Each structure stands twice: as structure tokens, then as C-alpha cells.
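[1] Okay, predicted coordinates and the sequence, questions at the end:
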Amino acid sequence: MDLDVLFLSRFQFALTIMFHYLFPPLSIGLGVIMVITEGMFLKTKNRQYEVMARFWTKIFAVVFAMGVATGIVMEFEFGTNWATYSRYVGDVFGSPLAAEGVFAFFLESGFLAVLVFGWDRVGPKMHFFSTVMVALGSMFSAVWIVVANSWQQTPAGFHIVGDGMMARAEITDFWAMVFNPSSVDRLTHTLIGAFILGGFFVMSITAWYILHRRHVEVSKQSFSIALVVATIASLAALFTGHHQANTVSETQPAKLAAFEGHFETGPADLWLFGIPDAEAQKVHMGIAIPGGLSFLVHGDFNAPVTGLDAFPEDERPPLQIPFQAYHIMIALGMYFIGITLLAAFFRWRGTLFDKRWLLWVFVFSIIGPYIANQAGWIAAEVGRQPWIVYGLLRTSDALSKAVSAEEVLTSIILFTIIYLFLFAIWLYIMNEKIKHGPEDDVAPATATGGLLDTVGERAGAGGASLTNPHEDGKEG
Amino acid sequence: MDLNIFWFILMGVLLTGYAILDGFDLGVGIMHLFVKKDEERRLLMNSIGPLWDGNEVWLVTFGGALFAAFPHAYATAFSGFYLPFMFLLFALIFRAVSMEFRSKQEMKWWRRSWDVSFTVASTLATFLFGVAVGNMMKGLPIGADMEYQGGLLNLLGPFPLLIGVFAVATFAMHGSIYLYLKTEGDLQKRIHRWMWTTFGIFLVLYIFTTMATLVSLPSAVTNFREVPWAWVVVVLNVLAIANIPRAIYLGKPGYAFISSAATIAALTFLFGFSLFPNMIVSSLDPAYSLTIYNAASSQKTLGIMRWIAVLGMPFVLSYTIAIYWIFRGKTQLGKFSY
């Protein structure tokens, strides 16, 4: 029975956090693009920027609402499903969580109201200020929650009080807790992952518009902004990722060994892909750079790297999921660098928007950052197992004693149904908003004006411009 | 000041802020289906459009602060209330998305479905908050290990259910008065009637709840013996309640709203005051109760958190005031509305 509650609670947490994490990184990434776009409008007074700022804000609002709705679940779930964990870490983990509420969520929600509803209530400068505050607020929320999570990976600034089931971690040094060995690396990498997602999201939509000869001028503008963000972020992800992997090799060697399928302590190869096999202690069907991992970690192809054999079997993380998730993330990261550099090159040559094949690639590339962000977190969290707090508290000891398997199963079923339903609705609404598009060439819709009518008009306009490309000049 | 008491008071402040602010927007949700025209329903939703999210952050911060300051109380209550809290979460989710999605499509069935979902979710969330408060007042079967030992049915006794209904009535009244402030014309005239009706229901339930509390929970007044000045709050509470119909009658809805906010604040205060120094009372053995001392984090953490609160709360209050100022006045539908 115990095992059941454990499995079910882990499953529920994975389900709810992965669903939640579809939204906040997009808010963060889109926030950056909105700040740039609206900033450009203030600077140049070019109305095209304003049109796009308003458009991205509308999209942002729908993303943000889903983030809020699914985020409150996470805060409750620590207590509902992981009560023992909450008792154990509350003294340490609770304060960043409370700081997140006080410093980030209030900032975000307050200025979001101005951002979304305040276009005609405040002046352009105040509105821009609100956009900046919302973008900052969404990053601050990431700061505190990643700090808390990093403390679970690399606990610092605490001591253990009490023994047995009454033991708990208490803070001894707040700043040592905040700046624990992995916080900064993981935070920058997380934010950069969100910037990449924001960039690819905007490029996907605008590439689609350009391909359909709609909103062409404004789309080219937004695409270029997003391309700059995505290119810089993709390159930065490589550096932060490498740095972070080095930290993991020092602080959580078992996790790195699982990521890399490294069984025996000694010189380590770098697997580009493969299928690790814990039984046979080897990686099947893979290609490796001999000594590659040793070189990345120590700058020496023969230096020893700690393998899984250095840990007792009951302290080793699962192998397959962290290995594959980690490798998928890295492969996608390389893809982001390649595709953005290629696009940046064509943009510099001035031929990017004629390369229809490349624009189509960007339309579908939005899937990439979504998978990469999820895969990175899967690798980080599954790679920390069997610990919920690394080296201190096992996941299996962290459950709620008052909760039965039947109760968790009930909530899982309900979450699954509700989230599938919400996801479908969300996609539908996003699709409608994107089909509707920015209002760059139509009179502002009246308050009660039918959205569907407008969509119809838009479709008509799009159809017309397909047959008459010269009409494009009219847009914007 | 004793840090544990400081944090108990601050939790009370956060809960009061939440109950007053989200109280009116939950109330708007409860009353939503009582208007029929599409434009009027949009007006109702948009009256809270820019505000509800910030209001809900008070709950999020209350949860985070409870986790940080009193982790045992957080863990015991949240795991003990497992299924009711799951339904609370579903209700909060549906409330948020109903507002966001409703007016994005023209289809009648689409809007009607989200309207129903909005009202059901708002009512359910309010009711479950009430049930939770009722259970906290009554005490829970908490063992020596601080764990909840009852089942789901223990949580659904008559007293908690009564508090749940009382909460719905209170927020319905609070929301109606708020709507009166934000609307005009014919709609406002109809909402004027809502204020009277919801006040009447509130008053009946208030008297009934007070009697039920005094009869079934004699422990609720224990603290008054030691701190007699707390009776002042009871008197103020009664005065605030009496001022609601007076202000409505005199055509001063602003005062009526302040009075209903004061009523909610007083009720929250009395709830906290009668619990003190307990957080969760054990109905099995008073020695097992979770108090502000045995359920708390270390003094060090409470001290750090006090800094977070002292630095952060002025910002929180200034954003809140600024947003309410920017979105003051009657609700109008514009191109950025829901």
C-alpha cells in the first residue's frame, strides 16, 4: 500500500508540475519580447511595434491565466501529498516560497492588470513600466522557486534538529541557503530556457503569418526581435548548461553518472546517444567520444569521473529516464543553436523571409523548446532520486501519512480529465487568437464586435492577399 | 514581540486581506447567474477582471507563509483536508479559466457553460473555505504524531457545513454591495434588491451561526475571559453589521461596503482569537493540539521571514492601492475587456 501511495503521489506531482510548466516559461520568455517590442514603440513611435505589443499582450494574458490556475495547485500539493517533506523542509523551503508570494506574485498580478486592461487607462510610459514589472515579476517568481528546488539538490546553510521521524532541517545561514552551490547555475539555465521558448514561440507564429502573407510587415519585425533573443539565449544555454553540468559533477556525482551512463569510476566517454543498461553495466547501440566526459569535466581525456559504482545500489538514481531526457535536452539545445545561427545569417544577408522552407521549419520548431524545458527538469528531478532532499531525506519517507492511495488515485483521475480538457480549450483559444492575428490593418474591433466575424474578415483578407501579393504593402 | 505571536497575527492579516478582497470577487461569481443578458454578465465579470488575480495572491501568500512559519500546521491541515482541498483547487482553476475563456467565443452554449462553471466554482470554493474554517473551529482528530486520523466524513459534520453556507451568504452579500458600486442604470437597480436579499439571508445565518457556535463550542469564548477587551470586537462586529442596512437605506453604498469588509475582518479576527494560541485543536487530546509554538519554524526562520514581511508588505499594499485606484469607477466594456 505504501508503495502505491508513493508511486501515485509521484505520478500526480509529475503530472501537475509538467502541465503547469507549459505556461510559466512561456510567460517569462514572452515577457522579454513584450518589453523589447513596447520599448521599441516608445523609442521610435512606430505604430507597428505598438500593434505587436498589444497582440503579444493578449496572448500573454491567456498563458498567464493558465499559469496562475495551475500554479496554485503546486503550492497546495506540498502539503496535501508530501506532508512529511513539508514538516522536514518547511523551516528552509518555506521562506523562499513566502518571499515568492510577497516579492514576485503581488508585483506580477498587480501590474498584469495594468498591462492587460490598462491600455486606455494609463499613459504609454506607465504602461511600459507595467510591462517591465510583469516581466520582472515573472522572473522573480522563477528565482525563488528555483532557489528552493536547488536547495533540495544541494542543501546548504542549514542543520538537522531532532532525530528519527521528528528530524527536520533548520536554517543557520539564510544567504548560504539562497546561494547554495547550484542556485545560480540552475536559475540562469532555467531563465534562458524560458527565453528560448519565448523566442521560438514568437518565431513560430510570425513565420506562419509570413508564409500566409498576412500581417507581413509586423511579423517580420517581431520575428527579427525574437530571433535575436533566441539566438543569444541558445548560445548562452550552452555555456550555462556546461557550467551546471560541472557543478553537478561535484555536488551530485550520482546524477551526472546517470545522465551520462557512466558505470565505473575512471576515465569517462561522452555518449552522444544510446540505451544504458543497468544490468549489463553498459550502454547499448550508442556512439561515444572516448574520454569526452573526462575532458568536459576535468579538461583531461584520462581524468577519472565518479561512476555509479561509487554509490550503494539503494542510492543510485534510475538510469533510463535521466539519461534519455538529458540527451534529448542537449540534442535540442544544439539544434536551437544551429537553426538560429542559420536564420541569423540569412537575416543578415536579407534573404531570410524568402526562404519558405526555413520559415516552415520555424513554424514547427516551437515543439523543440517545449520538450527541451520539460526534459531538462525531468533529468534534474528524476536524477535526484531516490532523494527528495539530496542525501538527507528519501522520497519514500516524505509522503503524507494521512492520505490513502484511493484518495490520490481519485485526484489523479480528476486532474487528468480536467487538465486534458483545459489543454484542449487552451489550444483552441490560442489558435483562434493567432488566426485572428494582430490588428494591424483593420479598424480596432468594437467592444461587442463578434470575434468570429473578425476572424472571417481576416480569413477573407488573407485569401485576397494570397492572390494579390502587392496588397502586403497596405498592412501595417 | 514574541515572533510566534507576530507570525500568528500576520497570518491573520493575510487571511483577512484575502477574505475581504477575494471575498467580493467570489461573491460576484456566486451572483453571476442572477443576471441573464450577455452584456450584463460581461459587466459583472469585468468588474473584477483586473482585480481577482491580485486578490487571489493573498491566498497564495497565506499558503506560502503558513508553510514557512508553521510547517506542521500547513502539513497537517493540507494532508488532513486532502479531498476537500483537491476540490477547492479544481474550483479555483475553473474560476480562473471561466473568466479568461468565457467571452473569447460568441457561441451561446460556450458562454453559458462558462457562466455556470464560474458560478459553481465560486460557490464551491467559498463553501469549502467555510467548511475548512468550521473544522478548524471544531477541532480535528489529531494524533500524538500531529497527523490527522479521521476520514473524509469527519470533515462534513453539521457545524462545518453550516459555516460553509454562512461563508457563501457572507460573500454573496459582500459581492452584491461591490457590484452596486461598480454598476449603473437598470442593472444597478436590480442589484440594489440583491443587497437587501443577501443581507437578509446573511443576517439570519449570522444569528444562527452565532448561536450554534456558543452552544456547541463553549471553548470558543474561553479566551474572552482572559482578554475581556476582545468583547469590543464583538460589539464592533454587531455595529458593522447593523450599519450595512443603514448605509444601503441612506444611499451610501461605499459605507455599506466598508461595513461588510469590517464585518468580514471582525469575523476573521474572532476566528483567530478563539483559536489562539492553538493553530489546530486536537479533538482527541488537547495535548496533541498544534500550537503557534510546537507547529512553528525555528526562531531564526521566523526572524528572517519577519524581514521579508517588513520589506515586502509596503510594496504589496502600494500595488494593491495603486491598482484599485487605476481601475476605480464604474465598470465599462472596452476592447480589452473579457
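    Looks like it came in fine.

[2] Who are the contact partners of residue 168?
    This is for chain A. The contact partners of residue A:168, taken as CB atoms under 8 Å, 6 or more residues apart in numbering or on different chains, are A:87, A:88, A:89, A:90, A:91, A:160, A:161, A:162, B:71. C-beta coordinates here come from the backbone N, C-alpha and C atoms, glycine included.

[3] wait, I meant chain B there
    Contact analysis of residue B:168 by CB under 8 Å, 6+ apart lists B:30, B:123, B:126, B:127, B:130.

[4] Quick check: which element contains the nearest residue to it once chain neighbours are set aside?
    Excluding its sequence neighbours, the residue lying closest to residue B:168 (CB to CB, 6 or more residues apart in numbering or on different chains) is residue B:126, at 5.0 Å. For residue B:126, the host element (DSSP states H and E) is helix B:108-138.

[5] Now the closest residue to residue A:230 other than its chain neighbours, what are its backbone angles?
    In this structure, residue A:230 finds its nearest non-sequential neighbour in residue A:199, 2.9 Å apart by CB to CB, 6+ apart. Backbone geometry at residue A:199, expressed as degrees, to the nearest 10, gives phi -60, psi -50.

[6] before we move on, the earlier item: and the residue nearest to residue B:168, how many residues sit next to it?
    Look at residue B:126: counted by other CB atoms under 10 Å in any protein chain shown, it has 29 neighbours.

[7] Pull the contacting residues for it.
    Contacts for residue B:126 were tallied using CB under 8 Å, 6+ apart; they are B:26, B:27, B:30, B:164, B:167, B:168, B:171.

[8] where exactly do the strands run in the stretch 351-476 of chain A?
    With DSSP state E, counting those that start in this stretch as the definition, the stretch 351-476 of chain A shows strands at residue ranges A:387-389, A:393-394.

[9] from those strands, which stretch is densest packed?
    strand A:387-389 (a mean of 22; mean count of other CB atoms under 10 Å in any protein chain shown).

[10] count of neighbours near the closest residue to residue A:172 other than its chain neighbours?
    In this structure, residue A:172 finds its nearest non-sequential neighbour in residue A:159, 5.3 Å apart by CB to CB, 6+ apart. Around residue A:159 there are 10 other residues, counting by other CB under 10 Å.

[11] repeat for the one 4 residues further on
    When neighbours are counted by other CB under 10 Å, residue A:163 registers 7.

[12] Would you mind measuring from it to chain B?
    Separation of residue A:163 from chain B (CB to the nearest CB, to the nearest Å): 15 Å.

[13] close to chain B, is stretch A:385-393?
    No - Stretch A:385-393 lies out of reach of chain B by CB under 8 Å from any CB of the partner chain, never closer than 13.5 Å.

[14] hang on, the earlier thing: mind listing what's buried in the helix or strand where the residue nearest to residue A:172 lies?
    If you go by DSSP H and E, residue A:159 is part of strand A:158-161. For strand A:158-161, burial by neighbour count (16 or more other CB atoms under 10 Å in any protein chain shown) applies to residue A:158.

[15] which residues make contact with it from outside it?
    The contact list for strand A:158-161 (CB under 8 Å, 6+ apart) reads A:91, A:92, A:167, A:168, A:169, A:170, A:171, A:172, A:177, A:392, B:298.

[16] That one: partners in the sheet, and parallel or antiparallel?
    Taking DSSP bridges as the criterion, strand A:158-161 forms sheet pairs with strand A:168-171 (antiparallel).

[17] burial of residue A:420, as a residue count?
    Neighbours around residue A:420, by other CB under 10 Å: 11.

[18] go on, residue B:38?
    So residue B:38, with other CB under 10 Å, has 16 neighbours.

[19] need the contact list for it.
    Counting by CB under 8 Å, 6+ apart, residue B:38 touches residue B:111.

[20] so after the helix or strand of chain B with the lowest mean pLDDT, what's the next helix or strand?
    Ranking every helix and strand in chain B by mean pLDDT, DSSP states H and E puts helix B:222-226 at the bottom, with a mean of 84. Counting by DSSP H and E, the next helix or strand C-terminal to helix B:222-226 is helix B:231-249.

[21] tell me which residues in the next helix or strand after that next one are buried?
    Downstream of helix B:231-249, the first helix or strand assigned by DSSP H and E is helix B:253-275. By 16+ other CB under 10 Å, the buried positions in helix B:253-275 come out as B:253, B:255-275.

[22] Let me see the residues that make contact with the helix or strand just after helix B:253-275.
    Going down the chain from helix B:253-275, the next helix or strand is strand B:278-280, by DSSP H and E. The contact list for strand B:278-280 (CB under 8 Å, 6+ apart) reads B:8, B:70, B:72-73, B:76-77, B:136, B:139-140, B:142, B:289-292, B:295.

[23] filter those residues down to the ones near chain A?
    B:70, B:72, B:76, B:77.

[24] so what pLDDT did the third one get?
    Translated: residue B:76. Per-residue pLDDT puts residue B:76 at 92.

[25] Contacts only, for the nearest residue to residue B:103 once chain neighbours are set aside.
    Nearest non-adjacent residue to residue B:103, counting by CB to CB, 6+ apart: residue B:338, 4.8 Å away. By CB under 8 Å, 6+ apart, the contact list for residue B:338 reads B:42, B:45, B:46, B:49, B:99, B:100, B:102, B:103.

[26] My understanding was that residue A:154 contacts residue A:390; is that so?
    Yes - with contact defined as CB atoms under 8 Å, residue A:154 reaches residue A:390; the gap is 6.6 Å.

[27] out of these two, which sits in the busier spot?
    Between residue A:154 and residue A:390, counting by other CB under 10 Å, residue A:154 is the more crowded of the two (21 against 18).

[28] Next, the distance between the ends of stretch A:113-127.
    10 Å (CA to CA, to the nearest Å).

[29] Chain A contacts on the stretch 101-250 of chain B?
    So the stretch 101-250 of chain B meets chain A at B:101, B:104, B:105, B:106, B:145, B:146, B:147, B:148, B:149 (CB under 8 Å from any CB).

[30] Count the residues that sit near residue 227.
    No chain in the question, so chain A it is. Per other CB under 10 Å, the neighbour tally for residue A:227 reads 22.

[31] meant chain B, my bad for not saying
    10.

[32] Who are the contact partners of residue A:207?
    Contacts of residue A:207 (CB under 8 Å, 6+ apart): A:219, A:223, A:359, A:360, A:362, A:363.

[33] Now the third one. Nearest residue, chain neighbours left out?
    If I follow you right, that is residue A:359. Excluding its sequence neighbours, the residue lying closest to residue A:359 (CB to CB, 6+ apart) is residue A:207, at 4.1 Å.

[34] and for the helix or strand hosting residue A:295, what are the contacting residues?
    Assessed by DSSP H and E, residue A:295 sits inside helix A:292-298. Here helix A:292-298 makes contact (CB under 8 Å, 6+ apart) with A:242, A:245-246, A:249, A:256, A:260, A:262, A:267-270, A:300-305.
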